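1. quick one, what's the 3D model for this:
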Amino acid sequence: MRANRFAQCFSFTVMSTVKIISFLFYKFEIKWLSEKKFEELDDVKLIVLLNHTSLFEALFVRLAPFRFLWKIARHLLIPIADITASRPIVGKFFHALVPGLVPISRKRDESWENFLKRANDDAIVAILPEGRMRRHDGNDKHGNPMTVRAGVADIVEELEGGNVLFVYSGGMHHIQIPGQTFPRLFKKIKINMEILSIDDYKDALHHPEKKNRKTAVVKDIQARLEALTPFCERQPYNKNNQ
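-> Numbering: from 1, shown residues only. The predicted structure is shown next:
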């Protein structure tokens, strides 16, 4: 997936503006869990953001150097719930931020298959594998525990070579809880980050049958969600990670 030149420039401008705004109003505390760090971003093919708590996670563009923002403005591909994409303000903002936004339904239907077809070597795929947002009580909006869904395993299976970037969010309920209109300013945002080789990651979870490896990927990423998200005050679900 390649954005045209105008869309790339516009997306880069929007992301750069958000990045600058984040410097003005928020402090980020970043911890690397891998030897690979920012210098390895150019080889990233997959970005996995764990612990989805707020639409204001768009502020995470702060983590990317400007050179990487320019690249993802052209190549980034993100599945987004069609309900969110159709919202008049939020939907338009995210489409401006990411030309490669792909609306999908909540079902494993044709919309998901079409997305997977676009997840090729030319794309940088980003996904929030829980598939929904964590509410103030630590569960989803229906009161169910937040768990990793199988879609991320489908994407891992499609990719070869390059790196996967895991972004472990400490949560953003102290900034904005779903349903609140305006975010709180001048707060600290905690992030753990890790870069791994995609091929090494798949080999470590190798199974002769793809179905079994996909199951192993889901279990592994669920374990990462529970163990590697940093502790942040007012996040009721990760207080054991202090």
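
2. which residue is nearest the centroid of the chain?
-> The chain has residue 49 as the residue nearest its centroid, 3.1 Å off, counting by CA atoms, centre = their mean.

3. ok, which stretches of the chain are strands?
-> Per DSSP state E, the chain carries strands over the ranges 26-32, 44-50, 76-81, 101-104, 124-127, 163-169, 187-197.

4. in a markdown table, list the ones you listed along with mean pLDDT and distance to residue 66.
-> Where C-beta positions appear, they are placed from N, C-alpha and C, glycine not excepted. Converted to a markdown table, the strands of the chain look like this (pLDDT from 0 to 100; distance: least, CB to CB, whole Å):
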| stretch | mean pLDDT | distance to residue 66 |
| --- | --- | --- |
| strand 26-32 | 96 | 16 |
| strand 44-50 | 96 | 15 |
| strand 76-81 | 86 | 15 |
| strand 101-104 | 83 | 21 |
| strand 124-127 | 94 | 16 |
| strand 163-169 | 97 | 17 |
| strand 187-197 | 96 | 18 |
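
5. tell me which of those sits nearest to residue 157.
-> strand 44-50 (11.2 Å; CB to CB).

6. so what does that closest one touch, helix or strand wise?
-> Packed against strand 44-50 by the contact rule (3 or more CB pairs under 8 Å, 6 or more residues apart in numbering; DSSP states H and E) you find strand 124-127, helix 151-158, strand 163-169, helix 210-228.

7. contact partners for residue 19?
-> 61, 62, 64, 66, 69 (CB atoms under 8 Å, 6 or more residues apart in numbering).

8. same question, residue 22
-> 28, 59, 61, 62.

9. show me which of the contacts of residue 19 are buried.
-> Neighbour-count burial (16 or more other CB atoms under 10 Å) applied to these gives 61, 62, 64, 69.

10. what does stretch 195-211 contact?
-> With CB under 8 Å, 6+ apart, stretch 195-211 has contacts from 34, 36-37, 40-41, 44-46, 156-157, 159-166, 213, 216-217, 220.

11. let's see 10 Å
-> 32-41, 43-46, 153-154, 156-157, 159-166, 212-217, 219-220 (CB atoms under 10 Å, 6 or more residues apart in numbering).

12. the worst-scoring helix or strand of the chain on mean pLDDT packs against which elements?
-> Taking mean pLDDT, DSSP states H and E as the measure, the chain has helix 82-85 as its least confident helix or strand, at a mean of 71. Here helix 82-85 touches helix 90-97, strand 101-104, going by 3 or more CB pairs under 10 Å, 6 or more residues apart in numbering; DSSP states H and E.
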